[in-house]
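1. would you be able to build a 3D model of this:
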Amino acid sequence: MYKLHKMLTSKAGLKCVGRIFSPRKLVGKNIRKLSNNKPAVILGIETSCDDTGCAVVDSNGAILGEALHSQQSVHLDNGGIIPPLAQELHRQKITKVVEKALLSANLRLTNVDAIAATVKPGLVMSLLIGTNFGKYLSRVGNKPFIPIHHMEAHALTARMVENIDYPFLVLLISGGHCLLAIAQSVDKFYLLGSTIDDAPGEAFDKTARRLKLRNIPEFSELSGGAAVELAASRATDPEQFKFEVPMVHWEDCNFSSSGLKNAILKHTLREEKKHGIIGDELVPDIYNLCAGFQLAMTRHLCHRTQRAMEFIELKNLIPEKNRTLVVSGGAACNNFIANCLETVSSQMGYRFVRPPPKLCTDNGIMIAWNGVERWLADRGVLRDSEEIENVQVVARTEFGEDWREKVANAHVRCQWVKLKLPYPKTRKS
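-> Sure, this is the predicted structure:
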């Protein structure tokens with residue numbers, strides 16, 4: 001099994017990293033707290049799933065340096081993420097990615113005030129690589145270590161690029177998660193809703209794979225979500241297939257994608273049997289089919305978000321001047337979904353904010369920025385070397401204080417905002 005510590009502390013390992021990491025001897029058991037008037041500089045490491053990311057960000061929100069290695073093409077070829085393979089790719093790339101981020105920032109480890117790394121939630125085998133590397137840098141560089149919750153980092157990234165005051169509403173949509181929460185502070189969240197089965201991004205990926213969208217040449221290098229979005233944009237009759245919107249009668253803010261995913265898979269099986277489709281052939285009207293799937297998923301996301309807004313209004317949880325919806329996570333890159341959520345936000349009196357696409361997907365910048373927020377608030381910054389070494393990675397974990405039952409018990413009924421669909425109306429021949 002791969003021994004990260006052995007590699008990094010060997011002569012060969014130190015030779016490749018020592019030039020910029022400049023390791024120095026620890027001074028005592030406790031790492032000293034730095035204090036000066038210069039902006040804090042935080043190095044962030046992200047390896048929760050299949051992207052190896054590192055960035056250096058200062059407390060003014062400036063991205064000083066960054067690097068990212070994506071495993072997407074490898075996992076596309078394998079039909080999904082294989083954890084041992086993801087771990088091995090992280091192991092192979094982590095040193096070069098961190099080195100590149102520091103080089104692009106023109107900094108050494110001695111210029112960094114603290115190391116932040118994702119420790120939860122995620123694939124344990126992947127998390128171990130980034131967490132152990134971050135702990136190693138903390139040890140050899142005599143730096144504080146900041147353990148980061150992956151979803152909290154997604155939730156707060158928008159504050160790096162926009163002026164957003166606490167509290168605000170956040171919707172996180174990705175391949176592994178979907179949740180609605182009130183961000184009260186850097187380490188205080190109220191969970192209003194979460195997925196009870198498949199996350200939207202997972203449903204998009206599995207649908208794209210089952211529809212064999214990769215067999216369309218220009219779709220071959222796209223992620224499942226991007227492929228479905230592109231296919232849907234080419235629909236000639238986007239409302240040809242009307243899939244049931246999930247959970248329309250449930251008076252809460254939870255999410256479910258498995259029923260919708262299974263509906264489109266069953267439809268695909270019927271069509272293949274009906275038309276005698278085998279091998280790499282595609283079902284008829286595949287663009288319209290993707291549009292119908294995307295529309296049902298989008299309406300589901302909009303319904304749950306609108307109910308969260310009405311619950312907040314009912315309980316007066318966010319001051320009117322703070323009413324902002326932040327949407328982030330990999331699936332938030334979908335422009336169709338974002339446009340519809342912006343329509344809901346506008347109608348409900350909310351400002352809509354989505355970080356740039358590169359900040360919606362997994363990256364080291366969001367981890368470094370969350371480290372900055374925690375550094376400035378002095379929350380969760382570890383300075384004791386023994387405490388740092390005892391940090392463990394966690395595959396699954398809670399997000400904030402659970403208010404889902406409070407939402408359900410409020411029995412909030414909504415008159416749904418009518419969406420202005422960003423594609424042509426049904427075309428009849």
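2. give me the element residue 54 is part of.
-> strand 51-58 (DSSP states H and E).
3. which neighbouring elements make contact with that strand?
-> In terms of contacts (3 or more Cβ pairs under 8 Å, 6 or more residues apart in numbering; DSSP states H and E), strand 51-58 is packed against strand 41-46, strand 63-70, helix 83-105, helix 364-377. Quick note: C-beta positions are derived from backbone N, CA and C, even for glycine.
4. export those as TSV, with columns for distance to residue 328, mean neighbour count and mean pLDDT.
-> Formatted as TSV, the helices and strands packed on strand 51-58 follow (distance: least, Cβ to Cβ, whole Å; neighbours: other Cβ atoms under 10 Å; pLDDT from 0 to 100):
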stretch	distance to residue 328	mean neighbour count	mean pLDDT
strand 41-46	14	29	98
strand 63-70	16	20	95
helix 83-105	21	20	95
helix 364-377	8	27	98
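5. who's in contact with residue 125?
-> Going by Cβ atoms under 8 Å, 6 or more residues apart in numbering, residue 125 touches 83-84, 86-87.
6. could you do residue 116 as well?
-> 42-45, 134, 145-148, 367-368, 370-371, 374.
7. distance to residue 269 added to the helices and strands packed on strand 51-58, as CSV?
-> Shown next, in CSV, are those (distance: least, Cβ to Cβ, whole Å):
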stretch, distance to residue 269
strand 41-46, 38
strand 63-70, 32
helix 83-105, 29
helix 364-377, 39
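8. to residue 307, which of these lies closest?
-> With distances scored as Cβ to Cβ, the stretch of these nearest to residue 307 is helix 364-377 (27.0 Å).
9. residue contacts, the residue nearest to residue 104 when sequence neighbours are not counted?
-> Nearest residue to residue 104 in three dimensions, chain neighbours excluded: residue 65, at 3.7 Å (Cβ to Cβ, 6 or more residues apart in numbering). Taking Cβ under 8 Å, 6+ apart, we find residue 65 in contact with 55-56, 100-107.
10. quickly check those residues for the two that are furthest apart.
-> Between any two of the contacts of residue 65 (Cβ to Cβ), the greatest distance is 14.0 Å, for 55 and 106.
11. can you give me the helices for the stretch 101-250 of the chain?
-> 124-141, 150-156, 158-161, 200-210, 224-233 (DSSP state H, counting those that start in this stretch).
12. ranking those by burial, who's on top?
-> Among the helices of the stretch 101-250 of the chain, helix 150-156 has the highest mean neighbour count (mean count of other Cβ atoms under 10 Å), at a mean of 27.
13. average pLDDT across it?
-> The average pLDDT for helix 150-156 rounds to 97.
14. for that helix, name the packing helices and strands.
-> By 3+ Cβ pairs under 8 Å, 6+ apart, helix 150-156 packs against strand 114-120, strand 168-173, strand 178-185, strand 324-328, helix 364-377.
15. same list (these) but as a markdown table, adding distance to residue 153.
-> Formatted as a markdown table, these follow (distance: least, Cβ to Cβ, whole Å):
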| stretch | distance to residue 153 |
| --- | --- |
| strand 114-120 | 7 |
| strand 168-173 | 10 |
| strand 178-185 | 12 |
| strand 324-328 | 9 |
| helix 364-377 | 4 |
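16. who wins for proximity to residue 301 among those?
-> Closest of the helices and strands packed on helix 150-156 to residue 301 is strand 168-173, at 6.8 Å (criterion: Cβ to Cβ).
17. only the buried residues of the closest one, if you could.
-> Within strand 168-173, the residues that count as buried by 16 or more other Cβ atoms under 10 Å are 168-173.
18. per-residue pLDDT, residue 79?
-> 72.
19. contacts only, for it.
-> Counting by Cβ under 8 Å, 6+ apart, residue 79 has contacts residue 209.
20. what about 6 Å?
-> Taking Cβ atoms under 6 Å, 6 or more residues apart in numbering, we find residue 79 in contact with no residue.
21. low-confidence stretches in this structure?
-> Along the chain, the parts satisfying pLDDT under 70 run over 1-37, 422-429.
22. report the next helix or strand after the one helix or strand residue 260 maps to in sequence order.
-> Using DSSP H and E, residue 260 sits in helix 258-275. Proceeding N to C from helix 258-275, the next assigned helix or strand is helix 286-315, under DSSP H and E.
23. and the angle for that next one with strand 324-328?
-> Angle of helix 286-315 versus strand 324-328, following axes from the mean of the first three to the mean of the last three Cα atoms, to 10 degrees, is 140 degrees.
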